[in-house]
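Engineer: sequence-free structure coming up:
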């Protein structure tokens, strides 16, 4: 089991990494502005699930196995890069309409938002770097047991990410009316597109 200082160090490092805007946070803000808080939190759940997957990879050593399967790892990275590029294209050329704060939210839209959040996280170089490179510097992986993974790391990760993501969603919803103009929406979505395309470039670079 960890001592309190290790848990605090992990939570602090994760919070800092989450606060720094990347493709995931940028897309979260964009989705929250266009679809509202419920859509934003659905997207956030996908982001959190992706983080938990990479956390589990690091804890159980699956990342080392994946590194040995170099061809498979390269295919995964290229797939993530292509998907991020596709999302960047969608965000850049999205047809914007005046925001309807009373719009009906469909279950299909929420599921799509969650899947998008998961996919973006799985292809996010910042997330990969944190769990596969920085995590071992904060907490010795050989000291992690199944018990500490399930009862400490997972709840801490979920709590930190939901807190940080919730703050971003709250801010996005508050400025939603300010971004109701089509030009403002275009700036926001194209900023997200640039961020995603940059992440895709980093994924391709890591595959070389």
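Structural biologist: All right, it came through fine. Owing to the predicted nature of the structure, the values given are computational and were not obtained by experimental measurement.
Engineer: quick one: pLDDT of residue 182?
Structural biologist: pLDDT, the model's per-residue confidence, is 62 for residue 182.
Engineer: repeat that for residue 50.
Structural biologist: So residue 50 comes in at 92 (pLDDT).
Engineer: pretty sure it is touching residue 122, no?
Structural biologist: Yes - counting by Cβ atoms under 8 Å, residue 122 is a contact partner of residue 50 at 5.1 Å. For every residue, glycine as well, the C-beta is placed using N, CA and C.
Engineer: quick check: residue 35 vs residue 78, distance?
Structural biologist: Distance of residue 35 to residue 78, given as Cβ to Cβ, to the nearest Å: 29 Å.
Engineer: same thing with residue 22?
Structural biologist: Here residue 22 is placed at a distance of 20 Å from residue 78 (Cβ to Cβ).
Engineer: what about those two, which has more around it?
Structural biologist: Remark: of residue 22 and residue 78, residue 22 carries more neighbours, 20 against 15, as counted by other Cβ atoms under 10 Å.
Engineer: list the residues that contact the more buried one.
Structural biologist: Shown in contact with residue 22 (Cβ atoms under 8 Å, 6 or more residues apart in numbering): 124, 126, 127, 195, 199.
Engineer: buried residues in the helix or strand hosting the third one, which are they?
Structural biologist: For residue 127, the element it lies in under DSSP states H and E is helix 125-129. In terms of neighbour count (16 or more other Cβ atoms under 10 Å), helix 125-129 has its buried residues at 125, 126, 127, 128.
Engineer: just for this protein, where's the confidence low?
Structural biologist: Applying pLDDT under 70 to the chain flags the ranges 1, 62-74, 76-77, 80, 94-104, 177-185, 188, 203-208.
Engineer: show me where it has its helices.
Structural biologist: 4-19, 23-35, 37-59, 62-68, 70-92, 107-122, 125-129, 135-138, 146-148, 154-174, 182-206 (DSSP state H).
Engineer: of the buried residues of helix 125-129, closest to residue 105?
Structural biologist: Taking Cβ to Cβ as the measure, residue 127 is the one of the buried residues of helix 125-129 closest to residue 105, at 26.8 Å.
Engineer: pretty sure the closest one is touching residue 51, no?
Structural biologist: Yes - between residue 127 and residue 51 there is a contact at 6.3 Å, judged by Cβ under 8 Å.
Engineer: quick check: neighbours shared by these two?
Structural biologist: Jointly contacting residue 127 and residue 51 under the rule Cβ under 8 Å, 6+ apart are residue 121.
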